[in-house]
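**Student:** sequence plus the predicted model coming up.
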Amino acid sequence: EADIYQTPRYLVIGTGKKITLECSQTMGHDKMYWYQQDPGMELHLIHYSYGVNSTEKGDLSSESTVSRIRTEHFPLTLESARPSHTSQYLCASSESADTGELFFGEGSRLTVL
Amino acid sequence: QKEVEQNSGPLSVPEGAIASLNCTYSDRGSQSFFWYRQYSGKSPELIMSIYSNGDKEDGRFTAQLNKASQYVSLLIRDSQPSDSATYLCAGPTGGGADGLTFGKGTHLIIQP
């Protein structure tokens, strides 16, 4: 089983609140990713990182931001949550993207009222 | 924008039969493809990868890649109820970006 952890698993908050979704991995992987997935829809890459101090935006435009101060930690932050941010957020890591093997966390399901 | 297309299903297959899942992709330059399985309420997990034309077998699973037709498939032999899940096809995002581009997934139901 992959050693990648996300907290919180479920979060219900009001509009305008600032939230941070935590993601940590103990595999020493340099590459980490955040995907967004709505029910019955495909995963969309919103952020990724090649390593410490590296962050890049993915295919899907997102109002969230990320940071990578430590190899094992890749938090995602929404400064002011809106109902349109309601979704499942999946964090993943990879030793090498060339292998296609992404190890996913269990996800954080966010509901913004 | 690279695209990975799958029939969302549901695809219903009797237990013990062969389940055939298909995927097409838009980028002729893609060299590798991956099949992920996602159980309801869970995260995706990698089950097969394929890097060259032809077939690749792993237990009950066979992945097939046809680069000329831009077509990838996954065959599951002797289907079991535990195979019921959504199967996601994925290819490298490319274009200087890292990560994978996923299809919407095919929902497979194995009927006991």
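**Tutor:** Structure's in. What do you need?
**Student:** what about chain A, any weak spots by pLDDT?
**Tutor:** Counting by pLDDT under 70, the ranges of chain A that qualify are A:1-2, A:97-99.
**Student:** near chain A, which residues of chain B?
**Tutor:** Residues of chain B lying close to chain A (CB under 8 Å from any CB of the partner chain) are B:1, B:4, B:8, B:32-34, B:42-46, B:49, B:88, B:90, B:92-93, B:97-105. The way it works is simple: take the backbone N, C-alpha and C, and place the C-beta from them, glycine included.
**Student:** would you mind checking those residues for buried ones?
**Tutor:** B:4, B:32-34, B:43-46, B:49, B:88, B:90, B:92-93, B:97-105 (16 or more other CB atoms under 10 Å in any protein chain shown).
**Student:** among those, which are in strands?
**Tutor:** B:4, B:33-34, B:45-46, B:49, B:88, B:90, B:92-93, B:97-102 (DSSP state E).
**Student:** those residues: which two are farthest apart?
**Tutor:** B:Glu45 and B:Ala97 (22.7 Å; CB to CB).
**Student:** which helix or which strand is home to the spatially most central residue of chain A?
**Tutor:** For chain A, A:Trp34 is the residue whose C-alpha lies nearest the centre (CA atoms, centre = their mean; 3.2 Å). For A:Trp34, the element it lies in under DSSP states H and E is strand A:31-37.
**Student:** partners of the helix or strand just after that strand, with directions?
**Tutor:** The helix or strand immediately downstream of strand A:31-37 is strand A:43-49, counting by DSSP H and E. Applying DSSP bridges, strand A:43-49 is found paired with strand A:31-37 (antiparallel), strand A:56-57 (antiparallel).
**Student:** ends of stretch B:40-53, how far apart?
**Tutor:** 31 Å (CA to CA, to the nearest Å).
**Student:** ok, and what's touching stretch A:17-29?
**Tutor:** Contact partners of stretch A:17-29, identified using CB atoms under 8 Å, 6 or more residues apart in numbering or on different chains, comprise A:2-8, A:11, A:13, A:32, A:34, A:71-81, A:89, A:91, A:93-95, A:103, A:105, A:108, A:110, A:112.
**Student:** what is the burial count for B:Pro81?
**Tutor:** Residues near B:Pro81, counting by other CB atoms under 10 Å in any protein chain shown, number 10.
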